[in-house]
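Undergrad: this one's structure only:
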């Protein structure tokens, strides 16, 4: 059994836009382990969980813009982090009008 191959951020260049039920959010602070406090585009503060696929591939820091999918049963409180955007991707999203300037 070999080591798991960890891809760098350069391999993850495609920009993902929010699908139905997903939204943008800004990381406020880390709460420990895989939990992160996020201010979402609908002005609610949710606790986001880093999914297993992203845990080892992408480092999430304060003030990063992320794509979050709120849970069905705790819609106003919890969600899964699906994607972290780089600085260049955030600028592109703002230019195209996908991301508001206050977020």
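TA: Received the coordinates, thanks. Everything quoted here is computed from the prediction, not taken from an experiment.

Undergrad: Show me the helices in this protein, by range?
TA: Under the criterion DSSP state H, the chain contains helices at 52-55, 87-96.

Undergrad: Among those helices, which comes closest to residue 30?
TA: Closest of the helices of the chain to residue 30 is helix 52-55, at 13.0 Å (criterion: C-beta to C-beta). In this view, the C-beta of every residue, glycine as well, is placed from N, C-alpha and C.

Undergrad: Summarise which helices and strands the closest one is packed against.
TA: On a contact count with 3 or more C-beta pairs under 8 Å, 6 or more residues apart in numbering; DSSP states H and E, helix 52-55 meets strand 78-84.

Undergrad: Quick one: residues contacting the residue nearest to residue 17 when sequence neighbours are not counted.
TA: Nearest residue to residue 17, sequence neighbours excluded (C-beta to C-beta, 6 or more residues apart in numbering): residue 98, at 6.3 Å. Neighbour list for residue 98: 17-18, 24 [criterion: C-beta atoms under 8 Å, 6 or more residues apart in numbering].

Undergrad: and residue 98, backbone torsions?
TA: Backbone geometry at residue 98, expressed as degrees, to the nearest 10, gives phi -80, psi -30.

Undergrad: Check the gap between it and residue 91 for me.
TA: 11 Å (C-beta to C-beta, to the nearest Å).

Undergrad: Is the nearest residue to residue 28 once chain neighbours are set aside bridged to anything, and to what?
TA: Leaving aside its chain neighbours, residue 28 sits nearest to residue 37 (4.4 Å; criterion: C-beta to C-beta, 6+ apart). Beta-bridge partners recorded for residue 37 (DSSP bridges): residue 29, residue 47.
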